[in-house]
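Asks: My questions concern the predicted model and sequence given below.
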Amino acid sequence: MTNRKFKSREELLEYALTAVGVPFYKIDKTNRLSTGKGALGTVIEESFFGYMPNSNSKPDFEELGVELKVTPFKRTKKGISAKERLVCNIIDYMTEYHKTFETSSFMSKCSTMLLMLYEYVSEFDKGNMSIDRAVLFSFPEEDLLIIRDDWYKIIRKIREGKAHEISESDTLYLGACTKGMNASSKREQPFSDKLAMQRAYSLKASYMTYVLREYIYGERTSENIIKYPGQLREISFENWIIERISPYFGRTFKSLTDEFGLTGTPKNINELIIAKILGVKGRISKTTEFQKANIVPKTIRIRRDGHIVESMSFPTFKFIDLINQEWEESDLFDYLSETKFLFIVFREASIDSVLESVKFWNIPNRDLEEVRKVWERTKEVIISGVEIIEKDGRKTNNFPKKYENAVAHVRPHAINAEDVYPLPDGRLMTKQCFWLNNDYIKSQLEVLDEISKGFGIRHGK
DNA sequence: GCATGATCATGC
DNA sequence: GCATGATCATGC
């Protein structure tokens, strides 16, 4: 244990490195291992650095301007992944909006972090895990420009009296995640009487995964869309993308596939068109920025009469997994609350469909609450035993139908009817997923149109 | 014409 | 073989 002052960042790092490889149970002197979330961070703070955990607005090593973060990662088939978002300080809605990004509580505290990374292994007790690496981390310029824009998005919602509508998927790398025991941990906000969920700045898990891969473990794998960070000095990432694609609005599907030499009918051909427009070699969803920000491209086809034919599918769920989850920890909640979508909108015209627009979208909180109802109902149906009735070779079931909820429903999503997952009672059922209703998608496109009428693409801060 | 079940194309 | 994004097919 130490409680000495470090004279320099180098000295701090040198000491931090002596924790590498030492199991936490050997470090822990104050019996913190048995405590809940954040136990390992507490062990390092108290037993390794010798100071009491605090919620100070200053960095942990104030004179050095360094904040300590102890955070887990996992090794997966695809490489190293952050196990969770990196949570920073709580946002004080009443004061934060006065500040600039440079003077924000986030930058004051977290602009340089001592990241102490440990590998999370599910079979291990916490005490048997250990710090794998310790590094000093400051944001590279290409990330800082996006994080800065994220910060202003959060502040804009506070200034508009919409702190209660803040959602983690509003932003790209820097999120505002909920923080508190439950939904009743609410705070006042300056420009509305409505109480807002307590939230903290956080670096999204998808972003942290790339920090680990690219900057710390050197597993760089993907292509950047933004070739020069300076390209985002005057414009947000989203608007930069839209500006680049907009010259192609109005073009027919055929003229686009001809121009870019795309053949065949892959299901993600529209994603490939967008990739070509942006000068990206492969899939847009595999680019650095889309991976870091968790952006998923989705095609929307609007018929000539304005109707959207298809609802929007998501990954399948496993029946047995779902009933063992609670909503707040469920796969669906994680997915929808942390994913931003890029809608690629085609409108059918007389001969061919035409690229009409591209729009970024994430689900509003109140609609996510509707999805929750569908999810809870689905859980009930699985627990009480799905009713499957076979008729003329087609099986019908009693999962939530489209007419039951304005936002979402449940439907099959499989290779064919024999592509199945087990039910808790041992029967096998065609794989299913949650779908966003086509009518709901239509209404959300209309909302986005209203918003874009109100703003020019280039915005002042 | 729509709701719901079923299936396709591709890449890893 | 399966996950994913997307669309087709059928019956009411």
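Replies: Received it, and whenever you're ready, just let me know what you need.
Asks: For the rest of this, base every contact and every neighbour count on C-alpha atoms.
Replies: OK.
Asks: Contacts for the helix or strand containing residue A:444, please.
Replies: Per DSSP states H and E: residue A:444 is located in helix A:438-454. Helix A:438-454 is contacted from outside by A:307-312, A:359, A:361, A:406-407, using C-alpha atoms under 8 Å, 6 or more residues apart in numbering.
Asks: same thing but at 10 Å, please
Replies: Contact with helix A:438-454 is made by A:300, A:302, A:306-312, A:343, A:345, A:359-364, A:367, A:402, A:405-408, A:437, as judged by C-alpha atoms under 10 Å, 6 or more residues apart in numbering.
Asks: anything in it near DNA strand C?
Replies: No - using C-alpha under 7 Å from any atom of the strand, helix A:438-454 never reaches DNA strand C; the gap is at least 9.5 Å.
Asks: Over to stretch A:270-286?
Replies: Yes - contact of stretch A:270-286 with DNA strand C (C-alpha under 7 Å from any atom of the strand) involves A:270-271.
Asks: Now that stretch: buried residues?
Replies: Buried positions in stretch A:270-286, judged by neighbour count with 16 or more other C-alpha atoms under 10 Å: A:270-277, A:280, A:283-286.
Asks: Only the C-alpha atoms, please, for the helix holding residue A:444, written as CSV.
Replies: C-alpha atoms of helix A:438-454 as CSV (Å, rounded to 0.1, in the frame of the first residue of the first chain):
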residue,chain,number,x,y,z
ASN,A,438,-43.7,-0.7,-40.1
ASP,A,439,-46.2,2.0,-39.2
TYR,A,440,-44.0,3.0,-36.3
ILE,A,441,-41.0,3.3,-38.6
LYS,A,442,-43.1,5.6,-40.8
SER,A,443,-44.1,7.8,-37.9
GLN,A,444,-40.5,8.1,-36.8
LEU,A,445,-39.4,9.1,-40.3
GLU,A,446,-41.9,11.9,-40.2
VAL,A,447,-40.6,13.0,-36.9
LEU,A,448,-37.0,13.1,-38.3
ASP,A,449,-38.3,15.1,-41.3
GLU,A,450,-39.8,17.7,-38.9
ILE,A,451,-36.5,18.0,-37.0
SER,A,452,-34.4,18.4,-40.1
LYS,A,453,-36.7,21.2,-41.4
GLY,A,454,-35.8,23.1,-38.3
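Asks: Which positions within that helix qualify as buried?
Replies: Buried residues in helix A:438-454, counted by 16+ other C-alpha under 10 Å: A:438-442, A:444-445.
Asks: Grab the nearest non-local neighbour of residue A:9.
Replies: If the residues on either side of it in the chain are set aside, residue A:9 comes closest to residue A:64, at 6.3 Å by C-alpha to C-alpha, 6 or more residues apart in numbering.
Asks: correct me, but the one you found touches residue A:8?
Replies: Yes - here residue A:64 reaches residue A:8: they are 6.6 Å apart, a contact under C-alpha atoms under 10 Å.
Asks: Could you check which of the two has the larger neighbour count?
Replies: residue A:64 (15 against 11; other C-alpha atoms under 10 Å).
Asks: Quick check, central residue of chain A?
Replies: Central residue check for chain A by C-alpha atoms, centre = their mean: the C-alpha nearest the mean position is that of residue A:338, 3.0 Å away.
Asks: What are the boundaries of the strands in the stretch 1-150 of chain A?
Replies: Under the criterion DSSP state E, counting those that start in this stretch, strands of the stretch 1-150 of chain A are mapped to A:67-76, A:79-82, A:86-90, A:112-119, A:131-138.
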